[in-house]
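Student: Test case, fold it:
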Amino acid sequence: MTSPMPPESVALHVENSTESDKSPTNFHRETVLCILLLIIIVALIQFSIPYPLDDDTAYHFSVARLIREHGILHSFPWTRFSWQFDHYADKELFFHLLFVPFTDLGYITASRIVGIIDDAIVLSVLFILLRIERVRYAFPWALLPLGTTIFLCRFCQVRPHHLSIALAMLLLWAYCRRRHLPLFLTSLLYPLCYVAFWQIPLLLVVAAETGRILAKGGFRWQPLLILVSGLFAGVIFHPNSLNLLQMNWIHMTDILFRNAWGKHVEFNLGEEFEPFSLMGWLHDMLMPTLAIIASLVMIWKDKRQCIISVTYCIAMLFFFLLTIRTNRFLEYLVPFAFLSLALATNRLKINWLLPLLIAASIGTTLLTGTSLLKYLFSADQRPWQMDKAVSRVIREKVPVGGAVFTCGWEYTGTLMVELPDRNYMVALDPTLLYKRDEALYDLWYRTLKDAPPSSAEIVRLNFASRYVICLDHPTLHPFFDALAADRESRVLYGDGKWVLFDLAAVKK
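Tutor: Numbers count the residues shown, from 1 in each chain. As a prediction, the model looks like this:
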């Protein structure tokens, strides 16, 4: 009498003549060709975007340039008032190293190349997992997330957490399938790629073990030990390991819990940290929502679903809950939703579902996504973009090493690209200034908000800055008026978008 097949092996023996009848050579050849096609598709999208979609990309490019010039960084004097100044942790080290070989090509070209690599990794991991699990029509399934326009816009931003999405999908598969080497390697890479290097794996472990219980599988300690060992090794190998641990805690407790979820009004972290409104969710997230519902229904009805299907469904639910609270997590939710649905429907052989999803994605894009697509491919200047002619003028007036006061943090990356080797205040997140000096952060916030007559003196004395560079936003006009009223201040440049002040000698 033969013993029953363990639950974790069921998916590898799915009835699927289309895939299983292929020879290994043909299977691998088709896989390689499909990955090349994914790379071409991503390249066409990236090269159709005139200018990077997010100012954070400029910061990451600048860090890569600094690594190329100075080697691995252990401090960051270019943002004087950031926690990173003397507690530097390169929380996206691998992403910055991807940039390094291309920095001589210029910001836009380098960003496109890294964006292609970054996004192709995500889609290729999604496709390969579907192929390994013998899902029919894996290639169109892998492209389905791009049919959600808001995901496409986020996906086209050249940002480091896309690597975390790929690692998350791969780590969960390796953990469930007990593939120890891939599990160790993905765990090892996590601290080198992304700041939430243990929070995301912890969430995935909970999903995997819950799925194992629901699928009536047995617990084994080896995958958990290997995962923890990989994470520990990654932290040890990181050149800023101690600071990385502190940075991880700051991101979780201060940036996410306190400021984003705690709604501290003095911290503007950007729209992506906000939750969707109900209408916003229905407008932007209709297709992923349908995929979530369909996946849950199929998992619930088919009690014989294998552990991998159940586990990805649970992980999808976790990211769904996070996305309800903070829409930034939609970049995890959307690929996990379609991956979960593809796995759940595979054994049921519902041949009409995939064409229906493709048609529905096209329809919803035409109905609700055209404005985002226009923004994505628009040749209009981005709000933080600086003309080359403007940057030349400002470079002539602000010397290398000049101390610059800024009215925000969101365009520091652009300044670091266009005006390199000057000393700014803070980049990436205002919380990093707050963590270094709470009183100074409050002074910065209140000075910009209240525009006291002594604003120029505050900038000179408290922020040790001679130059002020700001975007010309109407809410800042009282502050600009206060600077202009100072006898020692001069307006060196203004064009309706950028403003440059010289406050003369900085008081020691």
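Student: Residue 500: what's it in contact with?
Tutor: 394, 397-398, 467-469, 491-494 (CB atoms under 8 Å, 6 or more residues apart in numbering). Yep, even glycine has a C-beta here, placed from its N, CA and C like the rest.
Student: go again using 10 Å as the cut-off
Tutor: For residue 500, the contact set (CB atoms under 10 Å, 6 or more residues apart in numbering) comprises 390, 393-394, 397-398, 404, 467-470, 490-494.
Student: That one: which element?
Tutor: strand 498-502 (DSSP states H and E).
Student: partners of that strand, with directions?
Tutor: strand 467-471 (antiparallel), strand 490-494 (antiparallel) (DSSP bridges).
Student: Need the winner for burial among those.
Tutor: Among the strands paired with strand 498-502, strand 467-471 has the highest mean neighbour count (mean count of other CB atoms under 10 Å), at a mean of 22.
Student: right, and the helix or strand after that one?
Tutor: Using DSSP H and E, the first helix or strand after strand 467-471 is helix 477-485.
Student: picking up where we left off before, tabulate the strands paired with strand 498-502 (a markdown table), appending distance to residue 502 and mean pLDDT.
Tutor: Listed next are those as a markdown table, based on distance: least, CB to CB, whole Å; pLDDT from 0 to 100:
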| stretch | distance to residue 502 | mean pLDDT |
| --- | --- | --- |
| strand 467-471 | 6 | 95 |
| strand 490-494 | 5 | 93 |
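Student: Can I get those in CSV including distance to residue 347?
Tutor: Output for these, formatted as CSV (distance: least, CB to CB, whole Å):
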stretch, distance to residue 347
strand 467-471, 54
strand 490-494, 65
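Student: Among those strands, which comes closest to residue 161?
Tutor: strand 467-471 (25.4 Å; CB to CB).
Student: Okay, now the unreliable bits of the chain?
Tutor: 1-22, 254-273, 303-305, 505-508 (pLDDT under 70).
Student: and if we set it to 80?
Tutor: 1-25, 27, 215-219, 251-252, 254-274, 301-305, 347-349, 351, 505-508 (pLDDT under 80).
Student: in it, which helix has the most residues?
Tutor: Using DSSP state H, we find that the single longest helix of the chain is helix 107-132.
Student: buried stuff in that helix?
Tutor: 107, 110-132 (16 or more other CB atoms under 10 Å).
Student: How about stretch 334-348?
Tutor: 334-347.
Student: go on, stretch 443-460?
Tutor: Under the neighbour-count criterion of 16+ other CB under 10 Å, stretch 443-460 has 444-445, 447-448, 451, 455-460 buried.
Student: of all those residues, which two lie farthest apart?
Tutor: 445 and 460 (18.2 Å).
Student: quick one on the thing from earlier: compare the strands paired with strand 498-502 and give me the one nearest residue 174.
Tutor: It is, among the strands paired with strand 498-502 and with distance given as CB to CB, strand 467-471, at 45.0 Å.
Student: Centre-most residue in the protein?
Tutor: residue 161 (3.3 Å; CA atoms, centre = their mean).
Student: Please report how far the closest residue to that residue other than its chain neighbours lies from residue 400.
Tutor: Of all residues not flanking residue 161 in the chain, residue 194 sits nearest, at 5.8 Å (CB to CB, 6 or more residues apart in numbering). Distance of residue 194 to residue 400, computed by CB to CB, to the nearest Å: 33 Å.
Student: This protein - how does it break down into domains?
Tutor: The record assigns the chain these domain ranges, following automatic domain parsing: 14-48+89-377, 388-502.
Student: Of all those domains, which one comes closest to residue 59?
Tutor: domain 388-502 (3.4 Å).
Student: gap between that closest one and the chain center?
Tutor: Relative to the mean C-alpha coordinate of its chain, domain 388-502 is positioned 27 Å out (CA atoms, centre = their mean, to the nearest Å).
Student: which ones are touching residue 69?
Tutor: Contacts of residue 69 (CB under 10 Å, 6+ apart): 103, 420-421.
Student: Then residue 499?
Tutor: Contacts of residue 499 by CB under 10 Å, 6+ apart are 407, 468-473, 476-477, 479-480, 483-484, 491-493.
Student: returning to what we had before: tell me which of the domains of the chain lies nearest to residue 75.
Tutor: Residue 75 lies closest, by CB to CB, to one member of the domains of the chain: domain 14-48+89-377, at 9.6 Å.
Student: Stretch 347-367: how far from the chain's middle?
Tutor: So, by CA atoms, centre = their mean, the centroid of stretch 347-367 is 27 Å from its chain's centroid.
Student: Now it: buried residues?
Tutor: 347, 353-354, 357, 361, 364-365.
Student: can you list those residues in a markdown table and add distance to residue 411 and secondary structure?
Tutor: Shown next, in a markdown table, are the buried residues of stretch 347-367 (distance: CB to CB, whole Å; DSSP: H, G, I helix; E, B strand; the rest coil):
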| residue | distance to residue 411 | secondary structure |
| --- | --- | --- |
| 347 | 51 | coil |
| 353 | 45 | helix |
| 354 | 43 | helix |
| 357 | 39 | helix |
| 361 | 34 | helix |
| 364 | 33 | helix |
| 365 | 30 | helix |
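Student: Present the buried residues of stretch 334-348 as a markdown table; the columns should include secondary structure and distance to residue 498.
Tutor: Below are the buried residues of stretch 334-348 laid out as a markdown table (DSSP: H, G, I helix; E, B strand; the rest coil; distance: CB to CB, whole Å):
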| residue | secondary structure | distance to residue 498 |
| --- | --- | --- |
| 334 | helix | 36 |
| 335 | helix | 38 |
| 336 | helix | 41 |
| 337 | helix | 41 |
| 338 | helix | 42 |
| 339 | helix | 44 |
| 340 | helix | 46 |
| 341 | helix | 47 |
| 342 | helix | 48 |
| 343 | helix | 50 |
| 344 | helix | 52 |
| 345 | helix | 52 |
| 346 | helix | 54 |
| 347 | coil | 58 |
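Student: got TSV for those residues, with distance to residue 310 too?
Tutor: Output for those, formatted as TSV (distance: CB to CB, whole Å):
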residue	distance to residue 310
334	20
335	18
336	13
337	15
338	16
339	13
340	9
341	13
342	14
343	9
344	9
345	14
346	13
347	12
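Student: Endpoint to endpoint, stretch 419-439 covers what distance?
Tutor: End-to-end span of stretch 419-439 (CA to CA, to the nearest Å): 28 Å.
Student: so which of the buried residues of stretch 443-460 comes closest to residue 137?
Tutor: residue 445 (52.8 Å).
Student: Test my guess that the closest one contacts residue 430.
Tutor: Yes - taking CB atoms under 10 Å as the contact criterion, residue 445 and residue 430 are neighbours in contact, 8.4 Å apart.
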